[in-house]
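Asks: Build me a structure from this.
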Amino acid sequence: MGDSESGTDGIDRVLRLLVYGPVGLACYLKDTAPTFLDLFVTRGKREIDDARRAVEERLGRSRPEPAPSAPQRVVDGLGSLGKAAAQARSRAAAMAGPVVSAAATAAASAASTIAAPRPAGIPSVGNPETAVHGAAAATHGAATDLPIPGYDGLSASQVIERLEGMSRGALERVRVYELAHRARRTILASIDQLTD
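Replies: Next up is the predicted model:
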């Protein structure tokens, strides 16, 4: 019985090494090969992308920027809408300038009639000087109507130097223009001192 057992052990060993081992290895490779293949492909792709990026950086080229997202396109659209609104406002102001100027002239003439001496017993309606300033402040008169040539290009100190010796009417025109445009306090304060 000892020989038959040792013969069976020898056959089992041969079967394991030459039949079961290769069959088991083939089945294992069949099951795991797709997973390993995916692993190798992913790794190879990553290595090539890294190498491509390094070459692009050395050459100074960058990848094209991705297309803007939907929210970014909305924000860009609102920005252009704001620009269009600003252009419309400036056109409306340019068109309304002559109308406002005519209205201010009418208001100034009405205020001058209010400021005329009244017969006894007729009360004064408001402060005529305030009415003139309020109506005139709404105007956007041209700088050509001013007694100071090149007014828009002058600094506040240069304007103040030129105010000395001007008539009250000329000072009022400068005040109205300054209020309507830049409203510089130093100029307005100087005009107030000169008219008081």
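
Asks: I148: neighbouring residues, count only.
Replies: A count of nearby residues for I148, using other Cβ atoms under 10 Å, gives 18. (C-beta placed from N, C-alpha, C; glycine too.)

Asks: The nearest residue to it once chain neighbours are set aside: neighbouring residues, count only.
Replies: Distances taken as Cβ to Cβ, 6 or more residues apart in numbering place R162 nearest to I148, at 5.0 Å, with adjacent residues excluded. By the criterion of other Cβ under 10 Å, R162 has 15 neighbours.

Asks: Which strand or helix spans R162?
Replies: Assigned by DSSP states H and E, R162 belongs to helix 156-163.

Asks: go on, D12?
Replies: For D12, the enclosing helix or strand under DSSP H and E is helix 2-15.

Asks: same thing with T32?
Replies: With DSSP H and E as criterion, T32 is part of helix 21-59.

Asks: by contact count, what packs against that helix?
Replies: Counting contacts by 3 or more Cβ pairs under 8 Å, 6 or more residues apart in numbering; DSSP states H and E, helix 21-59 is packed against no other helix or strand.

Asks: show me where pLDDT drops low in this protein?
Replies: 1-5, 61-68, 70-142 (pLDDT under 70).

Asks: can we see that at 90?
Replies: Scanning the chain for pLDDT under 90 picks out 1-44, 53-147, 149-152, 164-165, 195-196.

Asks: Show me what counts as buried in stretch 154-173.
Replies: V159, I160, L163, M166, L171, E172, R173 (16 or more other Cβ atoms under 10 Å).

Asks: Now that L146 has come up, it's in contact with Y177, right?
Replies: Yes - L146 lies in contact with Y177 (Cβ atoms under 8 Å); the separation is 5.7 Å.
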